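S.K.: next one to model:
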Amino acid sequence: MKMKLLSLGLAAFMVAGAIKAQKVNADVEATTIKWTGKKVVGTHYGNIKLQEGMLHLNNGNITGGTFVIDMTSITNTDIENSDYNTKLVGHLKSDDFFGVATYPTANLEIIEAGSFINDKAEVKAKLIIKGQSKPIAFTVEKKDTKYITTLVIDRTNYGVHYGSGSFFDNLGDNAIDNEFTLEVSLVI
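M.R.: Numbering: from 1, shown residues only. Modelled structure (predicted):
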């Protein structure tokens with residue numbers, strides 16, 4: 001009898017734990033990713049689409065997650081001239097930058113995260129761009145079904161050296177900042 005009660009208690013505990021732990025698919029249509037890159041004489045920005053993603057939660061806290069970013073979807077939204085816009089997007093997709101013919105996706109895998117305090121949590125992840133994996137840390141803010149963050153990425157860590165003053169001399173006004181940002185609003 002005691003063994004039966006112990007088994008029932010253990011089963012109830014496991015079911016309760018399973019209810020608290022969950023994997024939630026990202027709403028790829030509602031999720032937004034805005035990129036911003038800076039150079040000496042200005043700033044460019046646009047969007048990139050999330051191809052797929054899953055967030056792992058336990059008691060409302062992030063415990064993991066995997067995300068695939070569609071690098072072929074890069075757009076520019078600050079240039080109205082369609083010829084220049086097309087030229088910039090083509091250059092971003094080229095081997096000078098993200099080489100999307102060879103690397104059509106980038107990936108982010110959450111390794112660990114702290115508990116939410118005042119709707120904010122610290123996250124450690126692995127970011128893969130152009131086949132190169134580097135650690136990244138960021139703060140996530142939870143607002144209802146949205147998880148909002150800004151990733152600051154040093155592109156040179158992923159082999160994207162074009163226009164970098166760290167690798168080339170005498171760039172003058174053509175120098176491009178090594179860091180770019182991704183403003184993410186992940187909707188689940």
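
S.K.: residues near the closest residue to Thr181 other than its chain neighbours, how many?
M.R.: Take Thr181 and drop its neighbours on the chain: the residue closest to it by C-beta to C-beta, 6 or more residues apart in numbering is Thr36, 4.8 Å away. The C-beta positions use only the backbone N, C-alpha and C, and glycine is treated the same way. If you count neighbours by other C-beta atoms under 10 Å, Thr36 ends up with 16.

S.K.: got it, and Ile69?
M.R.: By other C-beta under 10 Å, 25 other residues sit near Ile69.

S.K.: same check on Leu182?
M.R.: By other C-beta under 10 Å, 19 other residues sit near Leu182.

S.K.: after the strand ranked longest in the chain, which helix or strand is next?
M.R.: Of all segments of type strand in the chain, defined using DSSP state E, the longest is strand 42-58. Tracing the chain past strand 42-58, the next element assigned as helix or strand by DSSP states H and E is strand 61-70.

S.K.: strand partners of that next one, parallel vs antiparallel please.
M.R.: Strand 61-70 has its sheet partners listed here by DSSP bridges as strand 42-58 (antiparallel), strand 105-113 (antiparallel).

S.K.: reformat the ones you listed as JSON lines; add mean neighbour count, mean pLDDT and distance to Leu151.
M.R.: Output for those, formatted as JSON lines (neighbours: other C-beta atoms under 10 Å; pLDDT from 0 to 100; distance: least, C-beta to C-beta, whole Å):
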{"stretch": "strand 42-58", "mean neighbour count": "17", "mean pLDDT": "97", "distance to Leu151": "11"}
{"stretch": "strand 105-113", "mean neighbour count": "17", "mean pLDDT": "98", "distance to Leu151": "8"}
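
S.K.: nearest to Thr75, of those strands?
M.R.: strand 42-58 (4.5 Å; C-beta to C-beta).

S.K.: only alpha carbons, please: show the closest one as PDB.
M.R.: Only the C-alpha atoms of strand 42-58 are listed here, as PDB (Å, rounded to 0.1, in the frame of the first residue of the first chain):
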ATOM      1  CA  GLY A  42      25.200  57.700 -41.100                       C
ATOM      2  CA  THR A  43      23.100  54.800 -40.100                       C
ATOM      3  CA  HIS A  44      21.200  52.100 -42.000                       C
ATOM      4  CA  TYR A  45      18.500  49.900 -40.700                       C
ATOM      5  CA  GLY A  46      15.900  47.300 -41.800                       C
ATOM      6  CA  ASN A  47      14.400  44.000 -40.900                       C
ATOM      7  CA  ILE A  48      15.200  40.300 -40.800                       C
ATOM      8  CA  LYS A  49      12.700  37.500 -40.400                       C
ATOM      9  CA  LEU A  50      12.600  34.800 -37.800                       C
ATOM     10  CA  GLN A  51      12.300  31.500 -39.700                       C
ATOM     11  CA  GLU A  52      11.500  29.400 -36.700                       C
ATOM     12  CA  GLY A  53      12.000  29.400 -32.900                       C
ATOM     13  CA  MET A  54      11.100  27.700 -29.700                       C
ATOM     14  CA  LEU A  55      11.400  29.100 -26.200                       C
ATOM     15  CA  HIS A  56      11.700  26.700 -23.200                       C
ATOM     16  CA  LEU A  57      10.000  27.900 -20.100                       C
ATOM     17  CA  ASN A  58       9.700  26.600 -16.500                       C
END
